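Trainee: What follows is a predicted structure for the sequence shown.
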Amino acid sequence: MNLADRLRAVVRPGGSAALDTRFGGTSVAGGTDALVNRAQADRAAEVLGGEWREAGRSASAEPSASAGVSGRQASRPRYLVIDRQYSAGHRLGRVTVSDCLPVADGLWPRADLLMSGDRGPDALRGPLLFFDLETTGLGGGAGTYAFLVGCGWFEGATFRVRQFFLSSYAAERGLLEDLANTMGAFGALVTYNGKSFDLPLIDTRFLFHRLSAFYSGLPHLDILHPARRLWRSSSATQSSMGAGPRPAAVPCRLTHVEETVLGHVRVGDVPGFEIPGRYFDYVRTGDTRPLERVLEHNRLDLLALAMLTATAAKRLQEGAAGARTAREAHGLGQLFERAGMAADARACYARAAGADATVAPYADVDPCTCAEALRGYGTLCRRERRYEEAADAWRRILALRHCPAPIARQASEALAVHHEHRLRDLGAARRFAMQALTLDTSTTRVRAVHHRLARLDRKLGVLSSPPVPPF
């Protein structure tokens with residue numbers, strides 16, 4: 001077969017029909033090909049358990065296979081909508097849907113404290129829409145688009161999930177319009193790392209089709225950031241502070257937090273890097289069976305996101321008494337401190353450091369978490385002019401074994417200030433300043449400590465040279 005024959009085979013009516021309905025469209029070819037292709041589309045909807053929609057209306061309104069060619073030409077590409085509902089007793093590890101139901105206005109008490117610092121604490125409003133994408137690439141960019149958009153929300157005593165599956169790139173505009181109608185009934189969006197990936201990507205798709213991304217004005221709660229505070233592993237914390245090697249695994253991946261907090265281990269789950277390849281295999285072959293696990297992965301992500309949001313909000317409602325681990329108590333203290341709730345923050349820091357005499361200390365507390373909690377406690381006490389309590393926290397930091405050097409240096413400097421300006425004990429102030437000098441060799445900090453030592457030496461009348469060569 002020469003090149004001309006090959007081109008004729010590509011553009012012949014029967015050849016183009018097979019590709020059209022593979023992506024959810026309607027073939028313009030009559031006869032057996034149209035009936036076969038329509039049967040393939042029906043099987044795809046049956047396998048994935050959804051309903052074909054065309055530009056916001058049900059696929060049942062489209063012309064039948066026996067209609068004329070002009071009617072089928074007027075039909076537009078279709079996308080698939082899959083609805084699922086999880087009952088109140090549905091369990092994900094140790095947590096059920098009934099354990100996570102929001103209260104008044106579709107929110108949990110103190111859920112607004114989970115918001116990032118760029119919005120006021122009263123910006124969050126319900127009901128909440130949990131949002132997650134599965135895309136054709138993991139790095140973003142202009143050529144990346146979402147072939148599966150998952151939305152979840154609490155409705156009564158159940159949790160509902162609606163997924164929009166893009167079977168054809170030509171149907172993207174209709175899918176986005178339908179998505180916009182669904183999202184319009186909610187007061188805020190909840191994602192996991194959506195601030196960096198999901199929302200910028202979907203916003204780009206709306207702009208590409210010249211559609212108004214109305215949800216840009218909605219409050220956005222990215223659970224990744226409070227999850228890092230509450231459930232990040234201590235090894236990751238030590239690594240970030242230079243106290244050990246960086247762990248190989250990402251400590252705050254959604255599946256990791258789901259396993260740690262909810263106690264649910266996914267069996268047979270699709271790895272994220274494999275998802276784009278499965279979609280491209282579907283585009284080439286029309287076989288939707290490998291996508292069943294992709295849709296289930298997306299549904300589990302939405303369900304885990306909703307349960308983690310409810311768990312974090314309930315921890316905030318319970319305060320220091322509700323923290324299950326030292327790391328969780330420290331993270332609650334950080335969230336309370338950022339919201340200006342100093343008393344609750346101090347209680348959480350004391351609980352994390354084992355300084356609360358009314359309760360037994362945590363069995364899993366490590367020096368890094370303890371040092372961070374004592375630093376937070378001391379900083380809050382100093383702001384409230386409770387100088388003796390702050391100094392006691394700094395001393396306890398220096399008494400810790402294997403304390404991270406940056407925190408120990410900060411404690412030494414704080415005690416040098418305390419002894420110089422409040423206790424007027426210049427000798428002790430100089431000793432703490434010298435200790436800070438040995439803990440941090442950065443140029444900026446060394447210069448600051450030298451400046452303090454020079455002032456203390458003038459006050460003490462010491463004329464000896466500095467302990468290290470000057471700059």
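Mentor: Great, that's in hand.
Trainee: Quick check: which ranges of the stretch 301-450 of the chain have low pLDDT?
Mentor: The stretch 301-450 of the chain contains residues with pLDDT under 70 at 364, 440-444.
Trainee: now swap in the stretch 151-300 of the chain and tell me
Mentor: For the stretch 151-300 of the chain, the ranges with pLDDT under 70 are 214, 216, 234-251.
Trainee: mind redoing it with 50?
Mentor: 236, 238-250 (pLDDT under 50).
Trainee: What segments of it are helices?
Mentor: Remark: helices assigned in the stretch 151-300 of the chain by DSSP state H, counting those that start in this stretch are 172-183, 199-208, 224-231, 234-240, 254-257, 275-285, 291-318.
Trainee: phi, psi of Leu374?
Mentor: phi -70, psi -40 (degrees, to the nearest 10).
Trainee: residues in contact with it?
Mentor: 349, 353, 355, 393-394, 396-397, 400 (Cβ atoms under 8 Å, 6 or more residues apart in numbering). Every C-beta, even on glycine, is put in place using the N, C-alpha and C of the backbone.
Trainee: same deal with Val265?
Mentor: Listed by Cβ under 8 Å, 6+ apart, the contact partners of Val265 are 93, 259.
Trainee: at 10 Å instead, please
Mentor: 93, 255, 258-259 (Cβ atoms under 10 Å, 6 or more residues apart in numbering).
Trainee: Looks to me like Leu129 is in a helix.
Mentor: No - the assignment for Leu129 by DSSP: H, G, I helix; E, B strand; the rest coil gives strand, which leaves it out of any helix.
Trainee: burial of Glu155, as a residue count?
Mentor: Other residues near Glu155 come to 11 when the count uses other Cβ atoms under 10 Å.
Trainee: how close does it sit to Tyr86?
Mentor: 10 Å (Cβ to Cβ, to the nearest Å).
Trainee: Tell me, how many residues neighbour the closest residue to Val359 other than its chain neighbours?
Mentor: Of all residues beyond its chain neighbours, the one nearest Val359 is Arg351 (6.7 Å), with distances taken as Cβ to Cβ, 6 or more residues apart in numbering. As a burial measure, Arg351 scores 26 neighbours (other Cβ under 10 Å).
Trainee: ok, now how distant is Arg351 from Ala213?
Mentor: Per Cβ to Cβ, Arg351 is found 42 Å from Ala213.
Trainee: same question, Arg385
Mentor: Applying Cβ to Cβ, the value for Arg385 to Ala213 is 47 Å.
Trainee: try Leu207
Mentor: When Leu207 is compared with Ala213 (using Cβ to Cβ), they lie 7 Å apart.
Trainee: quick one, which of these two is more surrounded?
Mentor: Ala213 (16 against 11).
Trainee: check contacts around the more buried one.
Mentor: Shown in contact with Ala213 (Cβ under 10 Å, 6+ apart): 176, 180, 183, 199, 202-207.
Trainee: Could you identify the buried members of the residues you listed?
Mentor: Buried residues within those, defined by neighbour count using 16 or more other Cβ atoms under 10 Å: 176, 180, 183, 199, 202, 204-206.
Trainee: need those residues in a markdown table with distance to Ala448, can you?
Mentor: Shown next, in a markdown table, are those (distance: Cβ to Cβ, whole Å):
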| residue | distance to Ala448 |
| --- | --- |
| Leu176 | 54 |
| Ala180 | 54 |
| Met183 | 51 |
| Leu199 | 41 |
| Ile202 | 47 |
| Thr204 | 45 |
| Arg205 | 50 |
| Phe206 | 50 |
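Trainee: just the residues you listed now: which is nearest Leu453?
Mentor: Closest approach between the buried ones among the contacts of Ala213 and Leu453, by Cβ to Cβ: Leu199, at 50.4 Å.
Trainee: Surely the closest one touches Leu221?
Mentor: No - the pair Leu199 and Leu221 fails to qualify as a contact (Cβ atoms under 10 Å) at a distance of 11.4 Å.
Trainee: tell me, what's touching the two both at once?
Mentor: Going by Cβ under 10 Å, 6+ apart, residues that sit against Leu199 and also against Leu221 are 189, 191.
Trainee: Spatially, which two of the buried ones among the contacts of Ala213 are the most separated?
Mentor: Met183 and Thr204 (16.3 Å).
Trainee: Helices of the stretch 301-450 of the chain, residue ranges please.
Mentor: Using DSSP H, counting those that start in this stretch, helices in the stretch 301-450 of the chain cover 326-338, 342-353, 367-383, 387-398, 405-421, 426-439, 443-460.
Trainee: any chance of those helices in a markdown table, plus distance to Gly187?
Mentor: Formatted as a markdown table, the helices of the stretch 301-450 of the chain follow (distance: least, Cβ to Cβ, whole Å):
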| stretch | distance to Gly187 |
| --- | --- |
| helix 326-338 | 21 |
| helix 342-353 | 26 |
| helix 367-383 | 32 |
| helix 387-398 | 40 |
| helix 405-421 | 40 |
| helix 426-439 | 48 |
| helix 443-460 | 45 |
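Trainee: With respect to Ser233, which of those lies nearest?
Mentor: For Ser233, the closest of those is helix 326-338, at 7.7 Å, according to Cβ to Cβ.
Trainee: That closest one relative to helix 342-353, how many degrees between them?
Mentor: Interaxial angle, helix 326-338 versus helix 342-353 (axes from the mean of the first three to the mean of the last three Cα atoms, to 10 degrees): 160 degrees.
Trainee: same for helix 326-338, what does it pack against?
Mentor: helix 224-231, helix 234-240, helix 291-318, helix 342-353, helix 367-383 (3 or more Cβ pairs under 10 Å, 6 or more residues apart in numbering; DSSP states H and E).
Trainee: Turn the helices of the stretch 151-300 of the chain into CSV, columns for distance to Arg431.
Mentor: Formatted as CSV, the helices of the stretch 151-300 of the chain follow (distance: least, Cβ to Cβ, whole Å):
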stretch, distance to Arg431
helix 172-183, 61
helix 199-208, 52
helix 224-231, 35
helix 234-240, 28
helix 254-257, 44
helix 275-285, 59
helix 291-318, 41
